[in-house]
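1. Predicted model and sequence below, questions to follow.
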Amino acid sequence: MTPAAETLIQTALERGALRLGDFTLKSGRPSPYFFNFGALDDGDALLQAAEAYADLLMPAEFDVLFGPAYKGIPLVAAIAVVMARRGRSVAYAYNRKEAKTHGEGGNLVGAPVDGRVALVDDVVTAGTAIRQAIDMVRAAGGTPTLAVVALDRQEAGPDGLSPLASLADQEQIDVRSLFTAGDVADSVEASQPDAASAIRRHLGEYGAG
Ligand SMILES: O=P(O)(O)OC[C@H]1O[C@H](OP(=O)(O)OP(=O)(O)O)[C@H](O)[C@@H]1O
Ligand SMILES: O=C(O)c1cc(=O)[nH]c(=O)[nH]1
């Protein structure tokens, strides 16, 4: 974990973007914690997140940044700004969840999604969102080469494997996370040991192993 990612976990806990409790995930799984990127809802918090992603993305080879709706949209814009401030201006794009039928139409917004595409999203659980984003990029003519998420929940996808490991194996896409479920458990160990144990139990039940 980079220092920026460690700071981001602390900020997410303080801002209520990383919450401990009882939640239900998109996949239908119960979870003792939840990462809501939307609660990093001011300039300072968004900048901190974008800086942490930019640390991984600055040296990577790609032509376009793609952020899937909805959480990927502010993320991709903020990362592009941070990268430009660091001297690398990259094209960026995102999708609409519902296609627009007037004006410019379509469901992609921003730069043409072609060449080597780096995907950014907030969290991966079963990998559904990231796989849909890969399909969108390919359908638009781009080649997904890299995917970066803040949180890898280290859970199994439908095939029982880690979605990020499957993507790396099957699609030859380089995948990275800023932090993992294990890092979250470590971060709350001292202050909330019961929550840390609950996260580890959850990993024991749903983890990719
Ligand atoms: O790996 P998965 O099982 O797909 O779960 C993770 C995805 O779920 C959430 O998005 P959601 O689809 O709820 O959309 P949102 O960005 O509009 O909140 C989250 O932002 C990830 O994109
Ligand atoms: O799996 C999900 O639906 C999910 C998990 C999580 O921690 N955060 C999120 O936005 N979605």
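-> Now that the structure is in, tell me what you want to look at. Since this is a predicted model, take the numbers as computed values, not measurements. Numbering: from 1, shown residues only. Ligands and ions are numbered 1, 2, ... in the order given.

2. The lowest-mean-pLDDT helix or strand in the chain near ligand 2 at all?
-> None of the helices or strands of the chain scores lower by mean pLDDT, DSSP states H and E than helix 163-171, at a mean of 85. No - judged by CB under 6 Å from any ligand atom, helix 163-171 and ligand 2 are separated, with a smallest distance of 10.7 Å. (Each C-beta comes from the backbone N, C-alpha and C, glycine too.)

3. chain center to that helix, what's the gap?
-> Mean-position distance between helix 163-171 and its chain equals 15 Å (CA atoms, centre = their mean, to the nearest Å).

4. repeat for stretch 74-94
-> Stretch 74-94 sits 15 Å away from the centroid of its parent chain (CA atoms, centre = their mean).

5. Could the C-alpha coordinates of that stretch be exported in PDB?
-> This file holds the C-alpha atoms of stretch 74-94, laid out as PDB (Å, rounded to 0.1, in the frame of the first residue of the first chain):
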ATOM      1  CA  PRO A  74     -16.100  12.200 -10.800                       C
ATOM      2  CA  LEU A  75     -13.100   9.900 -10.200                       C
ATOM      3  CA  VAL A  76     -11.900   9.900 -13.800                       C
ATOM      4  CA  ALA A  77     -12.300  13.700 -14.100                       C
ATOM      5  CA  ALA A  78     -10.400  14.300 -10.800                       C
ATOM      6  CA  ILE A  79      -7.600  11.900 -11.800                       C
ATOM      7  CA  ALA A  80      -7.200  13.500 -15.200                       C
ATOM      8  CA  VAL A  81      -6.800  16.900 -13.500                       C
ATOM      9  CA  VAL A  82      -4.300  15.600 -10.900                       C
ATOM     10  CA  MET A  83      -2.300  13.900 -13.700                       C
ATOM     11  CA  ALA A  84      -2.300  17.100 -15.800                       C
ATOM     12  CA  ARG A  85      -1.000  19.100 -12.800                       C
ATOM     13  CA  ARG A  86       1.800  16.500 -12.500                       C
ATOM     14  CA  GLY A  87       2.700  17.100 -16.200                       C
ATOM     15  CA  ARG A  88       0.800  14.300 -18.000                       C
ATOM     16  CA  SER A  89      -2.400  15.300 -19.700                       C
ATOM     17  CA  VAL A  90      -4.400  12.200 -20.600                       C
ATOM     18  CA  ALA A  91      -7.700  12.000 -22.500                       C
ATOM     19  CA  TYR A  92     -10.700  10.800 -20.400                       C
ATOM     20  CA  ALA A  93     -14.200   9.400 -21.000                       C
ATOM     21  CA  TYR A  94     -17.100   7.900 -19.200                       C
END
